[in-house]
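[1] model this:
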Amino acid sequence: MELAGNTDLLEKRETAIRGFLAKTGMAAGERCKLSGDASFRNYERIKHGGKSFVLMDAPPPKEDVRPFVNVACFLENNGFSAPHIIAKDEENGFLLLEDLGDDLYSSILSIKPAAHLEEEIYGKAVDALTELHKTPLLDNLSPYDDARLLREASLFTDWYLPYAEIELSEKHKREYAEILLALFANLKKQKPVVVLRDYHAENLIYLPKREAHKKVGLLDFQDAVIGSPAYDLVSLLEDARRDVSPKLQKKIYNYYLASNPKIDKELFALCYAILGAQRNLKIIGIFTRLAVRDEKRRYLYFLPRVWKNLAADLEKPQLLPLKNWLEKILPAGRMRHENR
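    Next up, the predicted model:
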């Protein structure tokens, strides 16, 4: 019965997709599925009339296209290369988008892993961030506040620790929250910016024919918030899905500082480490949840890299309380993580 129910839902969704494409004049278009992400969204490339478009299928209530529309319009209006929205059906969760192509950073670098190319396109990603951080805030975005940061970091304790068969006492949970909140207090000292939150090689497209920061095509920004300028740089350089060498990390990090000469370098370095730790703890929790709840066990493959990134963040002296807490909770050697 459950299988039949799923089939009925898929058939209804397919009928709705065809109706949307008919309204946009794309009913006769050639459809080809594109790889998705960790969400419930699906993507197709639509070829019609010698041109190519992308269909985003974000079925409600699990997905909502309105945040994507909100941020896409903000980015495009401010001169960034977000996909232009050609048609939309927000109620049913459909968007017809400009096709920015297949040259994802991750794809380019898997085919042509030349050091000079990697440095060049990561530098362009920093140029886009620098320009974004000069752009007036989008007023209707939520703040990346303590409650949200802590809730995300709690994915580590809620999902990874049970998976690792580690039970936390209430005292240990309070200690974890207190340590993180004390660290998060430093973030309030920075000037807030628009934070795209998933700014990494799987979500950036290289557009060499465009000018300046427009060479970077932006994807997957619907979870944007107002927060620290360090977050997206951490997301770029501490990538959960591909290795970025320490040498390149340092070079690109310093390039960001050079591009933003008025920044408080000491405070930025501290916030970078804090958000790196928070983000990596969150990712460990999310990837564990994807493996356990959604049976997407391939995400466990990325965990050793995430643990490595976390260990580097914890070397900042101010993060010693968090490092000590983790070492107290986790068995010896677990920071290296086994793919269990």
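[2] give me the neighbour count for Glu152.
    17 (other C-beta atoms under 10 Å). Glycine gets a C-beta too; all of them are placed from N, C-alpha and C.
[3] quick check: it touching Ile283?
    No. The criterion here is C-beta atoms under 8 Å, and Glu152 misses it with Ile283 at 9.4 Å.
[4] and the contacts of the helix or strand bottoming out on mean pLDDT in the chain?
    Least confident element among the helices and strands of the chain, by mean pLDDT, DSSP states H and E: helix 2-23 (a mean of 82). Helix 2-23 has contacts (C-beta atoms under 8 Å, 6 or more residues apart in numbering) with Ala27, Gly29, Ile46, Leu55, Asp57, Pro59, Ala87, Asp89, Asn92, Phe94, Leu96.
[5] you'd agree the fourth one is in a strand?
    Right, the one you point to is Leu55. Yes. Per DSSP: H, G, I helix; E, B strand; the rest coil, Leu55 lies within a strand segment.
[6] give me the number of residues near Lys308?
    Around Lys308 there are 15 other residues, counting by other C-beta under 10 Å.
[7] what's the following helix or strand after whatever helix or strand it lives in?
    Using DSSP states H and E, Lys308 maps to helix 303-313. Later in the chain than helix 303-313, the nearest helix or strand by DSSP H and E is helix 320-329.
[8] flag every buried residue along that following helix.
    Leu322, Lys323, Trp325, Leu326, Ile329 (16 or more other C-beta atoms under 10 Å).
[9] pull the contacting residues for the second one.
    Spelled out, that is Lys323. So Lys323 contacts Leu314 (C-beta under 8 Å, 6+ apart).
[10] against Tyr163, how distant is it?
    With distances taken as C-beta to C-beta, to the nearest Å, Lys323 is found 21 Å from Tyr163.
[11] just Arg297 next, same as before
    Arg297 sits 11 Å away from Tyr163, going by C-beta to C-beta.
[12] so what sits against both of these two?
    Counting by C-beta under 8 Å, 6+ apart, the residues touching both Arg297 and Tyr163 are Ala291.
[13] look at those two and report which has more neighbours.
    Higher neighbour count among Arg297 and Tyr163: Tyr163, with 15 against 12, using other C-beta under 10 Å.
[14] dihedrals phi and psi, that one?
    According to degrees, to the nearest 10, the main-chain angles of Tyr163 amount to phi -60, psi -40.
[15] that one contacts Phe287, correct?
    No. Here Tyr163 does not reach Phe287: they are 10.1 Å apart, not a contact under C-beta under 8 Å.
[16] about what we covered before: need the contacts of helix 2-23 in CSV (columns: secondary structure and distance to Tyr105).
    Listed next are the contacts of helix 2-23 as CSV, based on DSSP: H, G, I helix; E, B strand; the rest coil; distance: C-beta to C-beta, whole Å:
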residue, secondary structure, distance to Tyr105
Ala27, coil, 34
Gly29, coil, 28
Ile46, strand, 24
Leu55, strand, 23
Asp57, strand, 24
Pro59, coil, 28
Ala87, strand, 28
Asp89, strand, 30
Asn92, coil, 32
Phe94, strand, 27
Leu96, strand, 24
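[17] filter the residues you listed down to the buried ones.
    Gly29, Ile46, Leu55, Asp57, Pro59, Ala87, Asp89, Asn92, Phe94, Leu96.
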